[in-house]
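Asks: Show me how the following folds:
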Amino acid sequence: MSEVTVLVVDDDFMVARIHTQFVERTEGFRVVGVASSGRAALDDVARLRPDLVLLDVHLPDISGIDVLRRLRADGDDVGVLVVTAAREADTVRAAASGGAVHYLVKPFDYDDLRVRLESFRAAHQAHQALSGSPAPGQQDIDAVFGATPAPATVAALPKGLSPQTADAVAAALTQAGELSAAECADLVGISRVSARRYLEHFVAVGLVSVRLQYGGGGRPERRYRRAA
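Replies: This next block holds a predicted model:
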């Protein structure tokens with residue numbers, strides 16, 4: 001099994017060091033470079049040809065979203081995992097439309113990154129295997145797209161919930177990593193109440209886990225993520 005090579009992009013050298021340690025702690029991954037600016041990231045992608053880029057959004061010259069767009073405009077389909085403190089819905093949408101494989105909000109624990117790295121590795125290996133198969137089966141195709149078969153997502157939907165919206169909510173949650181009902185509503189374009197109904201359904205059937213985030217003096221916020 002070949003190693004997955006990774007370029008870490010972050011302008012904070014301490015954060016870059018931590019992310020590097022996280023990556024190299026994960027079996028089957030190796031960091032081949034660290035860049036502290038958008039332009040350096042573009043140069044390093046061209047020079048090092050990594051399999052995956054851990055890309056911050058807030059960089060000193062051009063944003064990580066611009067880096068992603070330039071890579072795609074140049075026809076470079078390198079894997080990009082956005083790791084950032086940015087939570088704005090427009091930024092999440094831009095990352096998704098640019099083909100980012102995941103979007104992970106800082107700060108995060110090692111296991112949060114490890115799960116996404118391993119998900120990328122599975123899809124990456126599926127891509128490699130697909131190149132040698134002229135007529136792949138559905139299971140091989142699902143592996144390339146990181147897809148969960150539809151019945152697991154929409155089975156036994158309660159009355160009033162649609163499969164199409166359920167798929168959109170599931171996709172938004174997979175892309176963002178973790179969402180509140182309000183954040184999910186913004187991404188999908190539905191009401192917060194509707195988003196929460198879908199998310200709570202996913203919790204009930206075991207597809208999604210929920211945790212409480214305590215803030216100021218108000219009620220704790222329910223935050224959802226795909227179940228491990």
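Asks: Report the buried residues of the longest helix anywhere in the chain.
Replies: Longest helix in the chain by number of residues, with DSSP state H as the criterion: helix 110-130. The neighbour-count criterion (16 or more other CB atoms under 10 Å) identifies 112-117, 119-121, 123-126 as the buried residues of helix 110-130. No exception for glycine: its C-beta is placed from N, CA and C like everyone else's.
Asks: Then stretch 61-68?
Replies: Under 16+ other CB under 10 Å, the buried positions of stretch 61-68 are 63, 64, 65, 66, 67, 68.
Asks: Could you do stretch 6-18 as well?
Replies: Residues of stretch 6-18 classed as buried: 6, 7, 8, 9, 10, 11, 15, 16, 18 (neighbour count, 16+ other CB under 10 Å).
Asks: related to what we said a few turns ago, report the mean confidence score over the longest helix of the chain.
Replies: Per-residue pLDDT over helix 110-130 has a mean of 78.
Asks: And stretch 8-20, by the same measure?
Replies: The pLDDT scores in stretch 8-20 average 95.
Asks: Give me the contacts around it.
Replies: 23, 31, 33-38, 40-41, 53-56, 58-60, 64, 67, 83, 106, 113 (CB atoms under 8 Å, 6 or more residues apart in numbering).
Asks: Output it as PDB, restricted to C-alpha atoms.
Replies: C-alpha atoms of stretch 8-20 as PDB (Å, rounded to 0.1, in the frame of the first residue of the first chain):
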ATOM      1  CA  VAL A   8       0.500  21.300   4.900                       C
ATOM      2  CA  VAL A   9      -0.400  24.900   4.300                       C
ATOM      3  CA  ASP A  10      -0.700  27.300   7.300                       C
ATOM      4  CA  ASP A  11       0.800  30.700   8.000                       C
ATOM      5  CA  ASP A  12       1.100  29.900  11.700                       C
ATOM      6  CA  PHE A  13       4.300  27.800  12.100                       C
ATOM      7  CA  MET A  14       3.100  26.300  15.400                       C
ATOM      8  CA  VAL A  15      -0.200  25.200  13.900                       C
ATOM      9  CA  ALA A  16       1.600  23.800  10.900                       C
ATOM     10  CA  ARG A  17       3.800  21.800  13.100                       C
ATOM     11  CA  ILE A  18       0.900  20.400  15.000                       C
ATOM     12  CA  HIS A  19      -0.900  19.500  11.800                       C
ATOM     13  CA  THR A  20       2.300  17.900  10.500                       C
END
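Asks: just for the chain, where's the confidence low?
Replies: Applying pLDDT under 70 to the predicted model, the residue ranges of the chain that meet it are 1, 126-156, 216-218, 228.
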